[in-house]
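In: What follows is a protein structure lacking sequence information:
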């Protein structure tokens, strides 16, 4: 009995597993209790929630401790595994059942990483012999693509799959995810520039993912290039070149002059053969990762997927994250039609009902109905988890304070982009902007494709700004936005969007003021005046005393008079505007007459404090 209500109690060791974003009703079902009684228990614990509200892990832990249960919140991976288990899909058992006879060699998957402007895209351009960089804003890779190239190695035709990741720190999440699907990372370092901050960042991601690294020392054709200095620089970061007795292969290349490209591909294959067992079972349903996805006007949702095991066929029912559909058509990187995709093969897939996110796993389901059910349940679980994450925990003591939260200024944004990876990375970067507690950023909607009427309507209701990243408005939408007074900003380079939003947030901050001392004067004598009251004969000790400045009177370090003003200021018989230190003057403090010898008059002004 807690707070007058009867609730089934545990013995302190009973484990209750709940999913992310579960509600009190879900918890009540697990312990066979009335949800209303749990609302009351939570109220007595100082938190308020409804029976159907998604709650965070901390709230469940507190409730479990009170009722004698050990709460385990299922991780997203376990949650997904349990969800698939309900449809008789067990990926781990499937892998465990594979024997050596089932596994066949597959191509290595390579991610190209490095500092911005060190030539990653130019290098991929040289490898693929297709001009990718020409169409990019500011020479910056804005999307992730995947490509397969062929090279001859030891008399055999070998394939290598490349994942092209953008090269700015704002895409950290995508770069990290790139390393997770990657077998080998090529770290591009410019011979004329050396190791830079993003070089280290990229290297950390590769090492954290546990993938071998091949270093491509680029721009060796440039004047002032010194490829030899790169090797000792990277030794500090546990990348020891083979010529120094280490196991990391360094290859000097020039992407512009197409020098050393074959040596780089050979180094990738040698590293793969020496340190990795790259095999997969092609004779089963396909499993893999969505590398990128976008909304095409004519073709609908187009996803670039990397098959990691099994073989993907045209006609298969697939689920990718919360998107599902049937594979209507598949294309390779050259736009040629494919009928099947084997392990480590990147393909563009048509037929999904919505756009998956970059990094979502995909799998082949037994039929369309199962695919739709898995996608719907994943979407519901994700929605509940997001609601729980967004929920502010409100205690009874903080309730008044919570009501006052309306004073916090909020900048609402609607994000639209051409591909899901770019939108996700932009959101990730914007949410990291921190300018203090007084203002906050809220992304009320994000999506892929042109800016639509629905986006403008949403922005109108929530007083939001629409950010279009490499997209424009659909027909007549710009007119609607003008009519409704909705601000639409267009960007093609991510840094500009981040800078503009940060400036907007800083502009919403209320001004802060600080007091700046101007000068001090010691009272040496007090003169009585029938016209002006008491006049202090002073010696200026520091700074400057200005007429009409704010002042206070100190006696023995204690403030005797505050909010005063220097009403009159004289040097000998002349009225003056200011008197500097070392000079004598007469000061009148208006109607304030409690002045004695030895007092100190301090003057100051209040200035607006610049925000850092």
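Out: Nice, I can see it. The structure displayed is predicted, hence computed values, not measured ones.

In: partner strands of the helix or strand hosting residue 545, parallel or antiparallel?
Out: Following DSSP states H and E, one finds residue 545 within strand 533-546. In the sheet, strand 533-546 lines up against strand 512-529 (antiparallel), strand 578-580 (antiparallel), strand 584-588 (antiparallel) (DSSP bridges).

In: So for the following helix or strand past it, what gets flagged as buried?
Out: Downstream of strand 533-546, the first helix or strand assigned by DSSP H and E is strand 550-555. Residues 550, 551, 552, 553 are the ones in strand 550-555 that count as buried (16 or more other Cβ atoms under 10 Å). All C-beta spots, glycine's among them, are computed from the backbone N, C-alpha and C.

In: what packs against strand 550-555?
Out: strand 558-565, strand 600-609 (3 or more Cβ pairs under 8 Å, 6 or more residues apart in numbering; DSSP states H and E).

In: Deepest in the core, which of those is it.
Out: strand 600-609 (a mean of 16; mean count of other Cβ atoms under 10 Å).

In: List the contacts of the longest helix belonging to the chain.
Out: Scanning the chain for the helix with the most residues, using DSSP state H, yields helix 368-390. Applying Cβ atoms under 8 Å, 6 or more residues apart in numbering, the contact partners of helix 368-390 are 19-23, 53-56, 76, 79-80, 83-84, 87, 317-319, 321-326, 365.

In: now with 7 Å?
Out: 19-22, 54-56, 79, 83-84, 87, 317-319, 321-324, 326, 365 (Cβ atoms under 7 Å, 6 or more residues apart in numbering).

In: Just the buried ones from the residues you listed?
Out: For these, buried by 16+ other Cβ under 10 Å: 19-22, 54-56, 79, 83-84, 317-319, 321-324, 326, 365.

In: buried sites along stretch 145-164?
Out: In stretch 145-164, counting by 16+ other Cβ under 10 Å, buried: 145-149, 151, 153, 158, 160-164.

In: any idea how far residue 37 is from residue 52?
Out: Separation of residue 37 from residue 52 (Cβ to Cβ, to the nearest Å): 15 Å.

In: out of these two, which sits in the busier spot?
Out: More crowded of residue 37 and residue 52, by other Cβ atoms under 10 Å: residue 37, with 19 against 10.

In: now the buried residues of strand 550-555 in a markdown table, with pLDDT and distance to residue 603?
Out: Formatted as a markdown table, the entries for those read as follows, by pLDDT from 0 to 100; distance: Cβ to Cβ, whole Å:
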| residue | pLDDT | distance to residue 603 |
| --- | --- | --- |
| 550 | 92 | 7 |
| 551 | 93 | 5 |
| 552 | 92 | 8 |
| 553 | 93 | 11 |
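
In: Distance to residue 459 for those residues - can I get that in a markdown table?
Out: Shown next, in a markdown table, are the buried residues of strand 550-555 (distance: Cβ to Cβ, whole Å):
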| residue | distance to residue 459 |
| --- | --- |
| 550 | 45 |
| 551 | 51 |
| 552 | 50 |
| 553 | 55 |
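
In: what two of the buried residues of stretch 145-164 are the furthest from one another?
Out: Spanning the widest gap among the buried residues of stretch 145-164 are 145 and 153, at 23.7 Å by Cβ to Cβ.

In: any idea of the pLDDT on residue 220?
Out: Looking at residue 220, its pLDDT is 88.

In: surely it meets residue 190?
Out: No - applying Cβ atoms under 7 Å as the test, residue 220 and residue 190 come out as separate, 9.4 Å apart.

In: What is the neighbour count of residue 244?
Out: When neighbours are counted by other Cβ under 10 Å, residue 244 registers 12.

In: Same check on residue 451?
Out: Based on other Cβ under 10 Å, the number of other residues close to residue 451 is 24.

In: Over to it: give its phi and psi.
Out: phi -80, psi 120 (degrees, to the nearest 10).

In: Report the mean per-residue pLDDT for stretch 489-507.
Out: Per-residue scores along stretch 489-507 average to 84.

In: And it, how far out from the chain middle?
Out: Computed by Cα atoms, centre = their mean, to the nearest Å, the chain-centroid distance of stretch 489-507 equals 14 Å.

In: Buried ones in that stretch, by neighbour count?
Out: 490, 491, 492, 493, 494, 497, 498, 501, 504, 505.

In: From those, which land in strands?
Out: 490, 491 (DSSP state E).

In: May I see the buried residues of stretch 489-507 organised as TSV, with distance to residue 545 added?
Out: Formatted as TSV, these follow (distance: Cβ to Cβ, whole Å):
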residue	distance to residue 545
490	54
491	52
492	56
493	52
494	53
497	50
498	47
501	45
504	41
505	40
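
In: of all the buried residues of stretch 489-507, which two lie farthest apart?
Out: Of all pairs drawn from the buried residues of stretch 489-507, the widest gap by Cβ to Cβ lies between 492 and 505 and measures 21.7 Å.

In: a helix runs through residue 423, doesn't it?
Out: Yes - with DSSP: H, G, I helix; E, B strand; the rest coil as the criterion, residue 423 is part of a helix.

In: What does the pLDDT read for the residue of the chain positioned farthest from its centre?
Out: Distance from the centre of the chain peaks at residue 530, with 70.2 Å (Cα atoms, centre = their mean). pLDDT for residue 530: 77.
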